[in-house]
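Colleague: structure for the following, please:
(2 chains)
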Number of protein chains: 2
Amino acid sequence: MKIKASSADLYADYVSRMRKIADIKNSSALLQWDQETYLPPKGAGFRGQQIATLAEIAHELFTSPDLGNLLEELNCRDDLGDAGKRNVELSLEDFTRQKKFSPAFVRQLSECVSRSFHSWIEARKANSFAVFEKDLSILLDLKKQEAALAGYSAHPYDALLDEFEKGSTVEKLDKVFAQVRDPLKELLDRILAQGPIDDSFLHKWYPRAKQWELGLELIRDLGFDFEAGRQDLSEHPFTTSFNRDDVRITTRIDEYNLANMTWSCIHETGHALYEQGLPAEYYGLPLGEYASLSIHESQSRLWENNVGRSRSFWKYRFALLQQHFPDPLGKSTPEDFYRAINKVQPSLIRTESDELSYHFHVLIRYELEKGLIGGTISVRDIPAFWEESYIKYLSAKPLDDRTGCLQDVHWSHGSFGYFPTYSLGSFYAAQFFATASTGILASELEAGNTRGLLDWLRNHIHSYGRRFTGEELCRKATGESLNTRYFLDYALAKYENIYKLQGNAS
Amino acid sequence: MKIKASSADLYADYVSRMRKIADIKNSSALLQWDQETYLPPKGAGFRGQQIATLAEIAHELFTSPDLGNLLEELNCRDDLGDAGKRNVELSLEDFTRQKKFSPAFVRQLSECVSRSFHSWIEARKANSFAVFEKDLSILLDLKKQEAALAGYSAHPYDALLDEFEKGSTVEKLDKVFAQVRDPLKELLDRILAQGPIDDSFLHKWYPRAKQWELGLELIRDLGFDFEAGRQDLSEHPFTTSFNRDDVRITTRIDEYNLANMTWSCIHETGHALYEQGLPAEYYGLPLGEYASLSIHESQSRLWENNVGRSRSFWKYRFALLQQHFPDPLGKSTPEDFYRAINKVQPSLIRTESDELSYHFHVLIRYELEKGLIGGTISVRDIPAFWEESYIKYLSAKPLDDRTGCLQDVHWSHGSFGYFPTYSLGSFYAAQFFATASTGILASELEAGNTRGLLDWLRNHIHSYGRRFTGEELCRKATGESLNTRYFLDYALAKYENIYKLQGNAS
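Modeller: Model prediction:
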């Protein structure tokens, strides 16, 4: 007679397997962190190989039939408790998705990504999209195959969107962008009709060591736990996490651009606070993971924009800045500073753009990806589509491929469907912020104190891990689904005030 | 009909498996490096778990029956070429050793090591060996089991010695130590009968940033490739390598001890030059590994002592030191410096001792380990044996357990049999150095130029990887087996000169 294993035993086995896989993925994340921060140049070749090996092993372990059977069995048990049930459900979902891709397909894709990343680098050097075109085409074909393997009901792009943001579809995104496109364009036009704000004092000389110090003070001030994380320098700022107790952010310093370092620190701290707030008891399990990429981005953007570019945040902190930099900032007022850091000026480069025109950069990429995956735009047409769109939305023509369609690394990584999460993140951020910042919390923020806001985020977002989807979390935290009105209201109120725009044209 | 696989195909399979295992081990080495350099305090718990997971996976892959069969099959092929044949032979040797230990035993040992390390830390804090005693006893029992499982012909300690230095036995080590013990003791006594050398200027204030700079200059000067490695700070200096192109060393800085940083840099650079000189084409295979721990240590000690504490090395470089530190060094001569850095003064602490009394520290540990593993000394007797030995050999009585038998981390890691490789390293170093530094190379070294010496080491030691054992390599490079006369001659000549000892008493 076969004795039926107890749910507790099966669940313990599941947890132990998942933690082992998490250990491997987190080891790989450290290898990648090191690659961006401290790796000596010649070490890059072997490092790539080591990362690939860890990825392969993690994939093997996660798609093993044993784990599959275990998940199926656990999914039938009704004595796991809420959290246990949800963990198993989500793991089974991940498993089912992963199993759709054969190891051969995964390897093919990973090799193609390596090649594409290389040719993207080469194309940037040569300032020529043509150099990237061939590998991008092959990669795109593989991504179409991926979409077909993953499955979708309406649009093949849905299958890729879903990977970064569960439940995200072309239908929904079309609606979201339709809601913001015209109001934002109109606001942008009204702003640009005014004279530009003078932000030249932000481009004076800000010594490296002092900037580094300021960054650390700000990060600490926002609530980042330096016992459970650190900051280092890298070429492109990023956040990574190896577990709740080891969350790392990076920044970069341009001695003639104070804003660059400052808002990269605040943005990455937003991501990091989320990671440091995930429940430690669920390490390696879905409930210990972040909800979705949009929600992750909502945390960075909430701190970067709704808090970090607010008048009240700097009212008391501007004195700190002046202490650090008496020369360039001695003669400015907090109001000068507030206006300068919110200067609106469309740029050709997404990562350098203001918080309004930013969404047109995302919209252009979204429309392009939709067409590429849907088959209505061919790879060859990318530069032309790019130019046309930038003229249409931002009245700006790319100078060349480098400032045009070669500017982002995402496609070379095979990340199609990622960009929209940036805009969703801003829209969620506005909605969360509006919901949180009422009553006492509003007065605290007015006084420059952000601790209550962090508590609110910990309670309403961070502590749930991946228990809810982005949409569910939003409804739970704010009482309604994603509503772009919050973002538009925030944008209108803020920029009409800053630019002293007459009346409300919308 | 079953078609026999070609040797080339089988060998390629073997290489690919070994490289995968190497990738995992090297990933783990990065996690450990990070643990000593940049890990935030709270991250230690999960990090330990991640390292354990990688170790478990590497062990699983390396002891898989598939790999065993592959190695057996390849070992019968005669068309692998010299290097291929040797790789397979060594891997099979490693495999056979590893297979002697069941996964359960490996886990038991690893868990015991974790506990022992923790109680060693606690014992150090409490300054009480008693706190460490129980876990050390359990660990020692496991190490005896390990010796029994590994097998030996004469003494159980042989089985453990062999792990760090193939072919090393009690019989051989007894002979080696018998050769050096009395002559060294006699030299030490003659030196101590003289007045002490004044090295107080080495303990003036040497600012941190300047020491860091000096260290980097020295390391570069010795030939370390900073494109394929880096230096960082850690509490205890060490060298680690993730492949030939990414070799990392660490140092520490005491602002009132210039020698501490300087010789830690030179010592670790010696280790690093060896790693940077291993053949890259054999990554992951035995021929890409170092020959043995003694040989590794010979490289660090050769640079640290035979080069780094020589008169000629500093004749030209002392001016550089004076430039960095005009205050504390402005009034000293190169000869003052040379004498100060070679001051002989027995210490209670192994890592702080001079290059002569050092070997008594090792001898004491060797005799103790031999007795512990052989069953003639019990764990409880360690402190008494320690005290007695220090009085006998170094006329110094430990102040307490912390400056006595709790000073080294090795036992808490389960590393019994490791210490002797330190002395063997010095003896090999003297023999290599004497062989290399003749003719043109001698004149180069006299002129402070070490490049020819590095080339010699690359050609005679580094490039062979693990193709030969330490003993074989020594015969090949110097024409004879390990001969302690080289070390004794070096020591006598050097210290009779420094201390102006009358006549040769030996």
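
Colleague: what residues does chain A have near chain B?
Modeller: Neighbours of chain B within chain A, by Cβ under 8 Å from any Cβ of the partner chain: A:19-20, A:23-24, A:26-28, A:30-31, A:34, A:38-43, A:45-47, A:49-50, A:52-54, A:56-57, A:225-230, A:232, A:242-243, A:245-246, A:283. Using the backbone N, CA and C atoms, a C-beta is placed for each residue, glycine as well.

Colleague: over in the stretch 151-300 of chain A, which residue gets nearest chain B? Let me know.
Modeller: The nearest approach of the stretch 151-300 of chain A to chain B comes at A:Asp246, 3.3 Å away (Cβ to the nearest Cβ).

Colleague: right, I mislabeled it, should have said the stretch 51-200 of chain A
Modeller: Distances between the stretch 51-200 of chain A and chain B by Cβ to the nearest Cβ are smallest at A:Thr53, namely 3.7 Å.

Colleague: flag every buried residue along the helix or strand hosting that residue.
Modeller: Here A:Thr53, judged by DSSP states H and E, is contained in helix A:44-62. Residues of helix A:44-62 classed as buried under the neighbour-count rule (16 or more other Cβ atoms under 10 Å in any protein chain shown) are A:46-47, A:49-59, A:61-62.

Colleague: for the nearest residue to the residue of the stretch 51-200 of chain A closest to chain B once chain neighbours are set aside, which residues are in contact?
Modeller: Counting by Cβ to Cβ, 6 or more residues apart in numbering or on different chains, B:Asp23 is the residue found nearest to A:Thr53 once chain neighbours are left out, at 3.7 Å. Counting by Cβ atoms under 8 Å, 6 or more residues apart in numbering or on different chains, B:Asp23 makes contact with A:49-50, A:52-54, B:284.

Colleague: mind putting these in JSON lines, distance to A:Gln299 and pLDDT included?
Modeller: Listed next are those as JSON lines, based on distance: Cβ to Cβ, whole Å; pLDDT from 0 to 100:
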{"residue": "A:Gln49", "distance to A:Gln299": "34", "pLDDT": "88"}
{"residue": "A:Gln50", "distance to A:Gln299": "30", "pLDDT": "93"}
{"residue": "A:Ala52", "distance to A:Gln299": "30", "pLDDT": "89"}
{"residue": "A:Thr53", "distance to A:Gln299": "32", "pLDDT": "93"}
{"residue": "A:Leu54", "distance to A:Gln299": "27", "pLDDT": "94"}
{"residue": "B:Gly284", "distance to A:Gln299": "41", "pLDDT": "97"}
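
Colleague: for these, which two are the farthest from each other?
Modeller: A:Leu54 and B:Gly284 (14.6 Å; Cβ to Cβ).

Colleague: contact partners for the most centrally placed residue in chain A?
Modeller: Per Cα atoms, centre = their mean, the C-alpha nearest to the average position across chain A is that of A:Glu297, at 4.1 Å. Shown in contact with A:Glu297 (Cβ under 8 Å, 6+ apart): A:421-422, A:424-426, A:428-429.

Colleague: need these in JSON lines (columns: secondary structure, pLDDT and neighbour count).
Modeller: Shown next, in JSON lines, are the contacts of A:Glu297 (DSSP: H, G, I helix; E, B strand; the rest coil; pLDDT from 0 to 100; neighbours: other Cβ atoms under 10 Å in any protein chain shown):
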{"residue": "A:Thr421", "secondary structure": "helix", "pLDDT": "97", "neighbour count": "23"}
{"residue": "A:Tyr422", "secondary structure": "helix", "pLDDT": "97", "neighbour count": "20"}
{"residue": "A:Leu424", "secondary structure": "helix", "pLDDT": "98", "neighbour count": "29"}
{"residue": "A:Gly425", "secondary structure": "helix", "pLDDT": "98", "neighbour count": "25"}
{"residue": "A:Ser426", "secondary structure": "helix", "pLDDT": "98", "neighbour count": "29"}
{"residue": "A:Tyr428", "secondary structure": "helix", "pLDDT": "98", "neighbour count": "32"}
{"residue": "A:Ala429", "secondary structure": "helix", "pLDDT": "98", "neighbour count": "27"}
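
Colleague: buried set for stretch A:277-296?
Modeller: In stretch A:277-296, counting by 16+ other Cβ under 10 Å, buried: A:277-279, A:282-296.

Colleague: swap in stretch A:215-233?
Modeller: Buried, per 16+ other Cβ under 10 Å, within stretch A:215-233: A:215-216, A:218-219, A:221-225, A:228-231, A:233.

Colleague: from those, which ones fall inside helices?
Modeller: Counting by DSSP state H, the buried residues of stretch A:215-233 place A:215-216, A:218-219, A:221-222 in helices.

Colleague: ok, for A:Ile138, nearest residue in space, not its chain neighbours?
Modeller: A:Cys112 (5.8 Å).

Colleague: do A:Lys210 as well
Modeller: Closest to A:Lys210 by Cβ to Cβ, 6+ apart is A:His324, at 5.1 Å.

Colleague: surely that neighbour touches A:Arg208?
Modeller: No: A:His324 lies out of contact with A:Arg208 (Cβ atoms under 8 Å); the separation is 12.0 Å.

Colleague: neighbour-wise, which of those two wins?
Modeller: A count of neighbours by other Cβ atoms under 10 Å in any protein chain shown puts A:His324 above the other of A:His324 and A:Arg208, at 16 against 12.

Colleague: measure that one to chain B for me?
Modeller: 21 Å (Cβ to the nearest Cβ, to the nearest Å).

Colleague: enumerate every residue touching that residue.
Modeller: Contacts for A:His324 (Cβ under 8 Å, 6+ apart) come out as A:210, A:213-214.

Colleague: at 10 Å what do you get?
Modeller: Each residue near A:His324 by Cβ atoms under 10 Å, 6 or more residues apart in numbering or on different chains is listed here: A:206-207, A:210-211, A:213-214, A:217, A:258.

Colleague: mind giving me the ChimeraX select for those, buried ones only?
Modeller: Paste this into ChimeraX to select the buried members of those, with burial taken from 16+ other Cβ under 10 Å:
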select /A:206,211,214,258
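
Colleague: before we move on, back to that, quick check: mean pLDDT across the helix or strand where the residue nearest to A:Thr53 lies?
Modeller: Here B:Asp23 is covered by helix B:7-37, with elements defined by DSSP H and E. Mean pLDDT, computed over helix B:7-37, is 96.

Colleague: please apply the same query to stretch A:469-483.
Modeller: Per-residue pLDDT values over stretch A:469-483 give a mean of 97.

Colleague: and stretch A:183-196, by the same measure?
Modeller: Stretch A:183-196 comes out at a mean pLDDT of 95.

Colleague: so what's the nearest residue to A:Tyr282 once chain neighbours are set aside up against?
Modeller: Leaving aside its sequence neighbours, A:Tyr282 sits nearest to A:Gly288 (Cβ to Cβ, 6+ apart; 3.2 Å). For A:Gly288, the contacting residues are A:18-19, A:22, A:87, A:243-244, A:278-282, A:465-466, by Cβ under 10 Å, 6+ apart.
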